[in-house]
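Q: Quick one, what's the 3D model for this:
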Amino acid sequence: MRRRKEYMRRMTLEEKILFYLYERRGLAERYVVPEDVTQAGLSELLGVKQSHISRALTDLKRRGLVYERTSHIVGTKRRKKAYFLTERGEEEVRSLREDLLGRYITVRDGNGKYREWTVGRFLREINDRGALSFFEMIHDHIQEEGGHLVGVVKTRQQTEKSTDIPPIGRFYGRKKELARIEEALHAEKIKLITVISLPGQGKTTLVSRSLRGITDRHIFWYNIYPWTGLNTLLVSLISFIEERGLRLPKEGAWGEVVVKEQKVTERIFEALARLNAIVVLDNFHSAEERIVEWVRILFSMIVEKNSAMKVILISRWRPPVYPTYQVEMGKGVLEVILEGLEKESALQMLADYGIRGREALKAYDITRGHPLAIQLYSLRPGKGEEELRTSLKKYVEEEVLDSLPVEERRLLQYLSLFRLPFKERAVSPFGEEGFEALRRLRRKMLIRERSDGLLEMHELLKEIVSSSVMDGWRREFSEKILDYYRGEGGIEAAVERIYFAMKARRWEVFLSELLRWGSDIAARGYLEIGEWLELAREMKVSEWERAQLDLIEAEHLITRGELERVQRLLRRVEMRVKGRRGRGWKKVKIHFLELQALTNVERGVEEEALKQYRESLRISRESEEHIEEAKILNNMGVLYLKGGKYNEAIRCFKNAEKILRDEGGGEQLITVVLNRGDALIKKGEIRRGKEAYRRALEMAEDIGTKALQGVAMERLSEIYFSQGRRSEAVDLVKEAIRYYINAGEGERATNLLLRRFKEVLKIYGREGALSFVRELNRGIGWRRVLGRRFAEDGKSALTLIVKVMSGEDADFEGYFERFDDMEEFVRRFTLLQRAIRAVAPEKTIRKMYSAARFTAEGLPDKHPLTIVLLKWGEWERGKRSLELLREAKELAERIGFLSALRRAEEILKKKR
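A: Model (predicted):
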């Protein structure tokens, strides 16, 4: 029977969303996605209010066609809800597309003639003329004329463009400024554009908007922070260039680029010129001197070569990159200085905040069109005063701060001094009144909660409020913040302790924290360490402390590539240590030798490391540093154990054990006993090893150390697993996990479960295992120990397992992107993939590997990527498996990862 002719119908909003998301279905495998797949992006694209988009998405989720996931958005720090199609959603789009392709539509061609085609033929015609997608055909090429749908054949050029531009919301005014920037982007003589204003005027939004129409250039957008080093910027630029298919010639590692900046800058310039690139550096007022100098060199190269590439600098003040006369004479530079919005645009913005009429006019007079001031005014409309018109600073101080009760104002000033997002417990020095004041500030949106649960203030508000803090209060608040960070672990907390000890003038704390953490801070590349070292050198410090400062500075200089200065410093330290006999100097010698030994262990020069350990052991014995002696013996034992010298290892552990018993025992003694148990097990003396573990367990119970009780139980479970006593072993695993939870060791609990997940699954079955994982997840989720939450990353791993076992969608991208440290990423990935492979379908496992690969590709060290490819290829089947393994092999060969290379060759041999 012949099908009745059906004509093209109007598409519903839900159908348009489905088609659009179908065109971007590949984004579901990424953990950083463009703004396009958020509610705001869909609203802007489809020209529909966000409230309508929200309702449509709710309906699509209810029908199981779309799912939402909190994702990182390109160009923003905050995570937002992004939307993707489910399998049912993809099937729905394919079915709908097939239906539409067979329908008829009246088509008007470029000559104004009308004809009747099927939608399928119309689509082919559009594609011949360069249309981008089925969605664009529906959305852009079908118009309503006289109440009927008409297809319009029109040319549209498809051009690749960057998606690194920060997303923008509603854009107000700035027509003149926008026109100037857009004209400069196409003007041959303008090479550098600077956009300057006070914070909160919309500099970033303006530049982002001006670049939206650029389709024939590659855009590199980079946010600079006070701690951003030149090395970090250059490595990011190199990655940007290579991602676009250009390969830069290399001599050594790019991590050493700062050693030969001129040569690197020339190569980067040549590559950017070939890409016809636009380089945007946001927050340029925060740039260190070497970044400023580098931009100065780059700008001179652009002018000298008359390159078409452009540089855009976004700053609060004029950057010292060019002389003023170049602006005045129009020699290659355009400056755009932003003031408040013009009246019409400001009133439109106020109207969008619900402020209209006389109140809006009053608000405009007060805020002078400053965008952030308008947002702040919208919090308390109707409360303005005449004197607030003089400046934004005065407005915030009097209209926001003076309107607050004393306890809220004081708390806001205190919180404005925090440099990093903070936890709720930061207000604990103010007692219960402080927590109540914090709740009120959050309701007023003066303090906002981030997606990770931490709290923060808006940047401009923080600057203005912090500037109102009197010196006496500033010092007192710094003391309180210092106390807050004493309860926080990790390198970032150490950085803040040093900073606030300096602000509180607690010089003894400043110096002790710097000596304790300086090496780690320097190794991470924190720029502040240089200033702190200079300050410490001006203090009255001992020669011993000065030697320690020299070592820290040497590590700092290594990260900056200043190798000659490093060598001079190390020689100076060696000279300082040589011949010193005091007790303090002996400690320096011990630490110096230990550091050398650990370095040699990392290099694989174990004999040299042992020599240095023996020398440090001799000094510690001479100086009667018994705890240090036990620590060195333990380290030597671990090194012997690693090398398979079990008798020597056991002897070291026994000697360390004896010393620590005489010194009063404690946790260090339990650790040594556990290590002795490890050595006995490796040697094959299972019974004695088990006795050592049980002894450690008893000692841990005696002093109430639940974490070490968990460790001892975990080691005992390993023995039972090796003896085939799986049921008893799994029971011990469960007990160990519970001890870890009670001790606040959520991370250890998670790692143990992931490592032994297959065995737990076998003993308790799928439902029993799922029940236990849920119980563990809840424990980590709500329990508090000493005011700290358990490890959120551990909770996320368990959440993934629960979701996978329950058939829900799992956010692997959000999990892996937490780990920017190479070793941490490898450990987490290795453990998680074992558990997921035990319970997940193939599609989910591939999704996990894909997310891990995406994160690993963003890490500077390529060892994690090699491991991901190797594990994926080992699990995968067919042609895809061989491709992954070959890729892993090539990468391992290139970076000298020999164990991975051998493993890849072995698996390839088996699979062939």
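Q: Could you chop the chain up by domain?
A: The chain breaks down by automatic domain parsing into domains covering 13-152, 175-337, 343-401, 471-578, 809-912.
Q: and residue 633, which of the ones you listed is closest to it?
A: domain 471-578 (22.1 Å; Cβ to Cβ). Where you see a C-beta, it was placed from the backbone N, CA and C, and this is true even at glycine.
Q: Quick one: mean pLDDT over the closest one.
A: The average pLDDT within domain 471-578 is 81.
Q: And stretch 691-698, by the same measure?
A: For stretch 691-698, the per-residue pLDDT averages 89.
Q: Output that stretch as PDB, restricted to C-alpha atoms.
A: Provided in PDB are the C-alpha atoms of stretch 691-698 (Å, rounded to 0.1, in the frame of the first residue of the first chain):
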ATOM      1  CA  GLU A 691      53.100 -13.900  65.000                       C
ATOM      2  CA  ALA A 692      54.700 -10.500  64.200                       C
ATOM      3  CA  TYR A 693      51.400  -9.200  62.700                       C
ATOM      4  CA  ARG A 694      49.400 -10.500  65.800                       C
ATOM      5  CA  ARG A 695      51.900  -8.800  68.100                       C
ATOM      6  CA  ALA A 696      51.500  -5.500  66.200                       C
ATOM      7  CA  LEU A 697      47.700  -5.900  66.500                       C
ATOM      8  CA  GLU A 698      47.900  -6.400  70.200                       C
END
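Q: Now do the strands in the stretch 701-850 of the chain.
A: 784-785, 788-789 (DSSP state E, counting those that start in this stretch).
Q: Then the stretch 101-250 of the chain?
A: 104-108, 114-118, 142-145, 148-152, 192-196, 219-223.
Q: where does residue 280 land in three-state SS?
A: strand (DSSP: H, G, I helix; E, B strand; the rest coil).
Q: my read: it touches residue 312, true?
A: Yes. Residue 280 is within contact range of residue 312, at 4.5 Å (criterion: Cβ atoms under 8 Å).
Q: Check the contact lists of those two and give me the overlap.
A: residue 207 (Cβ atoms under 8 Å, 6 or more residues apart in numbering).
Q: ok, now which ones touch residue 348?
A: 172-173 are the contacts of residue 348 under Cβ under 8 Å, 6+ apart.
Q: so after the helix or strand hosting residue 649, what's the next helix or strand?
A: Per DSSP states H and E: residue 649 is located in helix 646-662. Note on helix 646-662: by DSSP H and E, the next helix or strand toward the C-terminus is helix 667-683.
Q: Reformat the domains of the chain as JSON lines; add distance to residue 666.
A: Converted to JSON lines, the domains of the chain look like this (distance: least, Cβ to Cβ, whole Å):
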{"stretch": "domain 13-152", "distance to residue 666": "42"}
{"stretch": "domain 175-337", "distance to residue 666": "37"}
{"stretch": "domain 343-401", "distance to residue 666": "50"}
{"stretch": "domain 471-578", "distance to residue 666": "20"}
{"stretch": "domain 809-912", "distance to residue 666": "27"}
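Q: any idea which of these scores lowest on pLDDT?
A: domain 343-401 (a mean of 65).
Q: Now do the helices in the stretch 51-200 of the chain.
A: 87-101, 119-128, 134-140, 175-186 (DSSP state H, counting those that start in this stretch).
Q: Looks like residue 205 contacts residue 173 (just checking).
A: No. Between residue 205 and residue 173 there is no contact, the gap being 10.9 Å when judged by Cβ under 8 Å.
Q: ends of stretch 415-423, how far apart?
A: One end of stretch 415-423 sits 11 Å from the other (Cα to Cα, to the nearest Å).
Q: Run the chain-centre distance for the helix holding residue 649.
A: 42 Å (Cα atoms, centre = their mean, to the nearest Å).
Q: now swap in stretch 854-866 and tell me
A: 14 Å.
Q: Please settle this for me: is residue 537 part of a helix?
A: Yes. Checked against three-state DSSP, residue 537 lies within a helix.
Q: number of nearby residues for it?
A: The local packing of residue 537 (other Cβ atoms under 10 Å) involves 13 other residues.
Q: what about it, distance to residue 819?
A: 36 Å (Cβ to Cβ, to the nearest Å).
Q: cool, residue 878 as well?
A: Residue 878 is 30 Å from residue 819, by Cβ to Cβ.
Q: More neighbours: which of the two?
A: residue 819 (19 against 8).
Q: From residue 96, how far out is that one?
A: 40 Å.
Q: cool, residue 106 as well?
A: 21 Å.
Q: measure stretch 188-208 end to end?
A: Start-to-end, stretch 188-208 (Cα to Cα) is 21 Å.
Q: same question, stretch 617-634
A: Start-to-end, stretch 617-634 (Cα to Cα) is 11 Å.
Q: Thank you, goodbye.
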